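In: Would you be able to build a 3D model of this:
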Amino acid sequence: MMKLLHRLRKMGLTLEFYYVHVGRPSDLQDVNESWEPKLAEYEAGFLHEEDMSEVASCEEWLSEELLLDRMRRGLKCFAVKHRGQIVSYLWCAFEEIACACYQTKLKENEVHLFNAYTRPDYRGKGLAPFMRYQCYNALSNMGIEKFYSVCDVFNAPSVRYKEKTNTPLHKLGLFFALGDKYSRNWILKEYETA
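Out: The predicted structure is shown next:
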C-alpha cells in the first residue's frame, strides 16, 4: 500500500490515512519496572546545539543545518545515550503540529513528539518505551500534560512504535491533495482517550 500511495504522490495525487495519538505518563507506568537493571547503563535527557552533528549523522535525510534551525525555533531534542553515544532520540514541538497531513496549534500544556529514531544496532532492546517514559517525565516537569504524535496508518514501524509505547489512539484522518492546488482533510473517526 505504501508503494502504491508513493506512486500516486509522484503523479500529483496524495492520499494519506493517518493516526493522531495522545499519550500521558501513566501509559507507561506498567512497563518501567522491567528496565532495571537492563538499561542501567543508559542515560536520557535533552540535547544541545553541539550534539546536532551527531544526530544528523544518524539519518541520511537530516542535515545539521536543519536540526540547528529546529532548535533555534524552540524545538527540543530528547535522546538516550549509551556510554556517551546518542543511540535513540525524538523531537518535541511546543507551538504546533506541523505535519503535511495534519496541522493544529498546541496549547501551553501540549507537545507534539515526532521524528523518533533508534540506531539499528540498538533496536530490540526496549529503548522506545524507555525513551518515551523518560521524555514524558522531563516534559511533565515543564508543565506538559498531553503528548501528541501523528503517524501514517500504513507505516508499520511507526504503528509498532506507538503500540510499544502504549500511546492511545485519538483520531483517524484522511488527507487528500491534488498537486499544490487543492487539498482537503477529513477526520474519519475520533477515539475516546482517558
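
In: List the contacts of stretch 187-194.
Out: Residues from elsewhere that reach stretch 187-194 (C-beta atoms under 8 Å, 6 or more residues apart in numbering): Val22, Arg24, Ser26, Pro168, Leu169, His170, Lys171, Leu172, Gly173, Leu174. Yep, even glycine has a C-beta here, placed from its N, CA and C like the rest.

In: Now the second one. Nearest residue, chain neighbours left out?
Out: Closest residue to Arg24 in three dimensions, ignoring its sequence neighbours and counting by C-beta to C-beta, 6 or more residues apart in numbering: Phe147, at 6.7 Å.

In: In which helix or strand does that neighbour reside?
Out: strand 146-152 (DSSP states H and E).

In: what about the closest residue to Asn109 other than its chain neighbours, how many neighbours?
Out: Nearest non-adjacent residue to Asn109, counting by C-beta to C-beta, 6+ apart: Glu145, 4.4 Å away. By other C-beta atoms under 10 Å, 14 other residues sit near Glu145.

In: heads up, I number from 265, so please use that
Out: New numbering, starting at 265: the last item is Glu409.

In: Relative to Asn430, how far out is Glu409?
Out: According to C-beta to C-beta, to the nearest Å, Glu409 and Asn430 sit 17 Å apart.

In: returning to what we had before: how many other residues sit next to the residue nearest to Arg288?
Out: Phe411: 23 neighbours (other C-beta under 10 Å).

In: and what of Gln398?
Out: Quick note: Gln398 (other C-beta under 10 Å) scores 21 neighbours.

In: Repeat that for Tyr455.
Out: 13.

In: List the beta-bridge partners for the residue nearest to Arg288.
Out: Beta bridges link Phe411 to Gly287, Val375 when assigned by DSSP bridges.

In: Touching, it and Ala402? I think so.
Out: No: counting by C-beta atoms under 8 Å, Ala402 is not a contact partner of Phe411; they are 11.3 Å apart.

In: residue ranges of the helices in the chain, please?
Out: Here the chain has its helices, by DSSP state H, at 266-274, 316-320, 328-336, 391-404, 420-428.

In: what packs against the shortest one?
Out: Contact analysis of helix 316-320 by 3 or more C-beta pairs under 8 Å, 6 or more residues apart in numbering; DSSP states H and E lists helix 328-336, strand 340-346, strand 349-357 as its packing neighbours.

In: As a markdown table, these with distance to Lys371, mean neighbour count and mean pLDDT would be great.
Out: Compiled in a markdown table, the helices and strands packed on helix 316-320 are given as follows (distance: least, C-beta to C-beta, whole Å; neighbours: other C-beta atoms under 10 Å; pLDDT from 0 to 100):
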| stretch | distance to Lys371 | mean neighbour count | mean pLDDT |
| --- | --- | --- | --- |
| helix 328-336 | 21 | 14 | 96 |
| strand 340-346 | 17 | 20 | 97 |
| strand 349-357 | 13 | 20 | 97 |
